[in-house]
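Peer 1: With the sequence up front, the predicted model follows.
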Amino acid sequence: MSYVKLVPILLLSLVCTTNVLATGLHNPTDAKKEVRLQAQGVPAISDPKVADQTQKIVLQSKGMSIDQVVVTVNNDAITRFELEDRLAAVERQLKKQGTALPAMEMLKKQLLERMITEMLQAQLAKETGVRVDDVQLDKALQGIAKENKFSSIEEFRTKVEKEGVDFKKFREEIRGEIVATRLREREVDSKLVIGEGEIDNYLLNQAKQPSKGEEFNLAHILVVIPEQASADKIQAAKQRAEQALGQLRSGKEFAQVAAGFSDAKDALEGGNLGWRSLDRTPAIFAEILQKMSSGETSSVFRSPNGFHIVRLLEKRSKDSPAVVTQSQTRHILIKTSELMPDNEAKQRLLVIKERIEKGADFAKQAKLYSEDGSATQGGDLGWISPGDTVPEFESAMNKLEIGKVSDAVQSGFGWHLIQVTDRRSTDVSVKQKRQQAQMAIRTNKSDAAYQDWVHQLRDGATIEYRSE
C-alpha cells in the first residue's frame with residue numbers, strides 16, 4: 001500500500017556528500033577513453049596493445065599526461081585517472097570524518113577492487129534493463145534534500161557545490177546507487193525464503209541467550225574469502241586479518257584500519273554497524289559479544305564469508321514495551337505527479353473534505369476518488385501501530401480525535417485526508433518478536449547471499465589487470 005513506510009534507498013547527511021562519491025558507481029569505457037584521446041590528436045587503433053603503445057608515444061611527444069588503463073572488466077575499463085579521482089574523493093571523505101588515512105597503496109588496492117565489483121553490477125544492470133530515469137532520479141534527489149532539511153532542490157544543489165562536488169556528477173552517482181540497490185533487491189533479496197520453522201527456531205535460540213535484553217554498538221572488519229578459494233588464498237586472507245588486528249593492538253584507529261583492510265561495504269565509514277540487538281546479529285557474532293566489554297576488540301574469527309574482527313563500542317539495556325496504542329484508520333489519497341501538481345492535488349482533496357463535512361460518506365468518497373490501494377475498502381487501513389506509516393501521516397493521525405477528519409496532510413506519496421474511527425491499547429509482543437526475528441534472519445541471509453552473488457559475478461567475468 002502506498003501509505004506504508006518505505007526503507008530509504010539513501011540516507012544522506014550533509015557530511016556524507018563526499019561519501020556518495022566514494023561509494024557510487026563509475027562506468028568508464030574504452031570508448032570514452034578513445035574519444036578523449038582522439039580529441040588530443042591520438043589516432044584510433046583497433047589492437048589494444050598497439051593502441052596503448054601508440055597513444056603513449058603520441059601523448060609524450062605532445063607533452064601530455066597519459067591516462068593508462070589499470071584494469072579491463074569485460075568490455076569496459078578503469079583508467080588511472082578514474083582511480084586517482086576516486087582516491088582523492090575518499091581522502092577528502094576520511095579527512096572530513098577525522099579518520100587517519102591508511103597506507104595509500106593499500107587503500108588504492110581496496111578502491112580498485114570495489115570499483116571492479118561496482119562496474120560488474122552496472123554492466124549487469126544495463127544488460128538486464130535495471131534503470132532509473134530522470135523523473136525517478138529527480139524524486140530521489142528531492143527526498144535527499146528533504147531528508148537534509150533543505151527547502152528546495154536548488155538550495156541543496158548550492159550546498160553540494162559549495163562542498164566542491166560537481167552536481168551533475170553527484171546526480172549520476174545517486175542514479176548508480178539506486179540502480180545498485182534495485183539490482184541487489186532483484187538478484188538477492190527477492191530470492192530469500194524465510195519459513196515459519198526458521199522463525200520458531202530463531203526465537204527458541206534467542207530465549208536461551210542470557211543477554212537478550214541488551215543492545216550492542218558495533219564496528220567490524222571483514223576480509224572476504226573468495227568462493228572455492230585454495231588453502232593458500234584462505235591462509236593469505238587470514239594473515240591479512242591478523243595484520244589488521246596487529247595494527248589495532250598497536251594503537252591505530254579502528255576506522256583507519258577498516259578503511260585499509262576491510263572488504264565490507266561500510267569500510268570507508270569506519271566499519272560501523274550501529275546499534276544491534278542480539279537477534280539482529282549473526283549467531284557467531286552474538287556468542288563472541290556476550291563475552292566482551294565495552295571498548296574491547298575481538299580476536300580474528302572465521303565465518304563462511306571470511307575472517308572478522310569486531311569491536312564492541314558500547315552496550316545498553318534494551319527497552320521494548322509490548323503494549324502499544326493502535327489507531328483504526330482510513331484515508332483518501334490524491335497522488336501528485338507532473339500532471340497533478342501539489343497545489344491542484346491539495347485543492348482537489350479539500351473539495352472532497354468539504355463534501356464529507358456536509359454529510360457525504362467518507363468510505364464512498366474514498367472509493368470514488370482515492371488513488372491508494374485501500375480505495376476499494378473505503379480507504380480502510382485497519383489497525384495502525386506506531387512506525388507502520390510514514391512520519392507525516394502518523395503525526396497527523398495521532399493528533400486526531402476519534403471521528404474527526406484531518407486537514408490535507410502531505411507526505412511523499414501525495415495529499416491525504418485521514419480519519420481515525422477507533423483506538424485501542426494492545427499487546428503486540430508476540431507479533432513484534434516474530435517480525436523482528438524475520439527481519440534479523442533476512443538481514444543475516446541477505447548479507448551472506450550478497451557476498452556469494454558478488455563472488456559468482458566476478459567468477460563469470462573477464463578481469464585483466466593491465467598495470468600496477
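Peer 2: Received it, and whenever you're ready, just let me know what you need. Note that the coordinates shown come from a computational prediction; the quantities given were computed from them, not determined experimentally. Residues are numbered from 1 along each chain as shown.
Peer 1: Can I get the helix or strand hosting Arg114 in PDB? Just the C-alpha atoms.
Peer 2: Using DSSP states H and E, Arg114 sits in helix 104-127. Output in PDB follows, covering the C-alpha atoms of helix 104-127 (Å, rounded to 0.1, in the frame of the first residue of the first chain):
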ATOM      1  CA  MET A 104      47.900   4.800   0.200                       C
ATOM      2  CA  GLU A 105      48.800   1.700  -1.800                       C
ATOM      3  CA  MET A 106      46.600  -0.500   0.400                       C
ATOM      4  CA  LEU A 107      43.700   2.000   0.100                       C
ATOM      5  CA  LYS A 108      44.200   2.200  -3.600                       C
ATOM      6  CA  LYS A 109      44.000  -1.600  -3.900                       C
ATOM      7  CA  GLN A 110      40.800  -1.700  -1.900                       C
ATOM      8  CA  LEU A 111      39.300   1.000  -4.000                       C
ATOM      9  CA  LEU A 112      40.200  -0.700  -7.300                       C
ATOM     10  CA  GLU A 113      38.600  -4.000  -6.200                       C
ATOM     11  CA  ARG A 114      35.500  -2.100  -5.100                       C
ATOM     12  CA  MET A 115      35.300  -0.300  -8.500                       C
ATOM     13  CA  ILE A 116      35.600  -3.600 -10.300                       C
ATOM     14  CA  THR A 117      32.700  -5.000  -8.400                       C
ATOM     15  CA  GLU A 118      30.600  -1.900  -8.900                       C
ATOM     16  CA  MET A 119      31.400  -1.900 -12.700                       C
ATOM     17  CA  LEU A 120      30.300  -5.600 -12.900                       C
ATOM     18  CA  GLN A 121      27.000  -4.700 -11.200                       C
ATOM     19  CA  ALA A 122      26.500  -1.700 -13.500                       C
ATOM     20  CA  GLN A 123      27.100  -3.900 -16.600                       C
ATOM     21  CA  LEU A 124      24.600  -6.500 -15.400                       C
ATOM     22  CA  ALA A 125      22.000  -3.800 -14.600                       C
ATOM     23  CA  LYS A 126      22.400  -2.400 -18.100                       C
ATOM     24  CA  GLU A 127      22.100  -5.800 -19.700                       C
END
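Peer 1: I'd assumed Leu312 was in contact with Gly295.
Peer 2: Yes - between Gly295 and Leu312 a contact is recorded at 7.0 Å, counting by C-beta atoms under 8 Å. Using the backbone N, CA and C atoms, a C-beta is placed for each residue, glycine as well.
Peer 1: For these two, indicate the residue with more neighbours.
Peer 2: Using other C-beta atoms under 10 Å as the criterion, Gly295 and Leu312 rank with Leu312 on top: 19 against 9.
Peer 1: ok, and the closest non-adjacent residue to the more buried one?
Peer 2: Leaving aside its chain neighbours, Leu312 sits nearest to Met292 (4.5 Å; criterion: C-beta to C-beta, 6 or more residues apart in numbering).
Peer 1: same check, this time on Arg171
Peer 2: Leaving aside its sequence neighbours, Arg171 sits nearest to Leu137 (C-beta to C-beta, 6+ apart; 6.4 Å).
Peer 1: So the one you found, which state does it fall into?
Peer 2: At Leu137, secondary structure determined by DSSP: H, G, I helix; E, B strand; the rest coil is helix.
Peer 1: Then the one 3 residues further on?
Peer 2: Assigned by three-state DSSP, the conformation of Ala140 is helix.
Peer 1: Show the residue spans covered by the helices in the stretch 1-150 of the chain.
Peer 2: With DSSP state H, counting those that start in this stretch as the criterion, the stretch 1-150 of the chain has helices at 17-23, 30-39, 48-61, 80-97, 104-127, 134-147.
Peer 1: any low-confidence regions in the chain?
Peer 2: Residues of the chain meeting the criterion pLDDT under 70: 1-66, 209-213, 279, 318-322, 428-429, 467-468.
Peer 1: all strands of it, in order?
Peer 2: Counting by DSSP state E, the chain has strands at residues 69-73, 76-79, 214-224, 272-277, 301-303, 306-317, 323-335, 380-384, 409-411, 414-427, 463-465.
Peer 1: Just the CA trace of the longest one, in CSV.
Peer 2: Output of strand 414-427 as CSV, limited to C-alpha atoms (Å, rounded to 0.1, in the frame of the first residue of the first chain):
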residue,chain,number,x,y,z
GLY,A,414,0.8,13.0,-2.2
TRP,A,415,-2.1,14.6,-0.1
HIS,A,416,-4.2,12.7,2.4
LEU,A,417,-7.4,13.1,4.3
ILE,A,418,-7.3,11.0,7.4
GLN,A,419,-10.0,9.8,9.8
VAL,A,420,-9.5,7.7,13.0
THR,A,421,-12.5,5.6,13.7
ASP,A,422,-11.3,3.9,16.9
ARG,A,423,-8.2,3.5,19.2
ARG,A,424,-7.0,0.7,21.5
SER,A,425,-4.1,-0.4,23.6
THR,A,426,-2.9,-3.9,22.6
ASP,A,427,-0.2,-6.3,23.4
